[in-house]
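**Student:** no sequence for this one, just the structure:
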């Protein structure tokens, strides 16, 4: 097994690393480029992103969350939203807490 896989297996008490319990399918269906951070480091100016960037709307099980563009304390840019949402567990209603952070690789370099 590759070194990374052996390290993960050792950290998991010798058991193989469990498969991911989530997935992400992009709008285009493509994988992101390898040099994404470098590619996007000059994409836009911070002031333009904050004033002209799109509001994001996310639907989770019929709950709608929205987020406006923002600058995070570390200097990166992106979106954050969250709140209490209604979900169903085995057919029973349940309240859950959603916290969604969407960061743009390379955005710390925007001037």
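**Tutor:** Ah, there it is. This structure is a prediction, so every number in the text was calculated from the model and none was measured.
**Student:** Test of understanding: give the bridge partners of the nearest residue to residue 79 once chain neighbours are set aside.
**Tutor:** Excluding its sequence neighbours, the residue lying closest to residue 79 (Cβ to Cβ, 6 or more residues apart in numbering) is residue 67, at 3.8 Å. Quick note: C-beta positions are derived from backbone N, CA and C, even for glycine. Beta-bridge partners of residue 67, counted by DSSP bridges, are residue 56.
**Student:** what's near enough to touch residue 67?
**Tutor:** 55, 56, 58, 79, 80, 81, 100, 102 (Cβ atoms under 8 Å, 6 or more residues apart in numbering).
**Student:** please redo it, this time with the cut-off set to 10 Å
**Tutor:** Each residue near residue 67 by Cβ atoms under 10 Å, 6 or more residues apart in numbering is listed here: 54-58, 78-82, 100-102.
**Student:** Show the buried residues in these.
**Tutor:** Burial by neighbour count, 16 or more other Cβ atoms under 10 Å: within those this picks out 56, 78, 79, 80, 81.
**Student:** circling back: looking at the contacts of residue 67, which are in strands?
**Tutor:** Those of the contacts of residue 67 mapping onto strands are 56, 57, 58, 78, 79, 80, 81, 82, 100, 101, 102, per DSSP state E.
**Student:** Return the closest of those residues with respect to residue 88.
**Tutor:** residue 58 (17.9 Å; Cβ to Cβ).
**Student:** tell me which element the closest residue to that closest one other than its chain neighbours falls in.
**Tutor:** Of all residues not flanking residue 58 in the chain, residue 65 sits nearest, at 4.7 Å (Cβ to Cβ, 6+ apart). For residue 65, the element it lies in under DSSP states H and E is strand 63-67.
**Student:** now that strand, how far from the chain's geometric center?
**Tutor:** Per Cα atoms, centre = their mean, to the nearest Å, the displacement of strand 63-67 from the mean C-alpha position of its chain is 14 Å.
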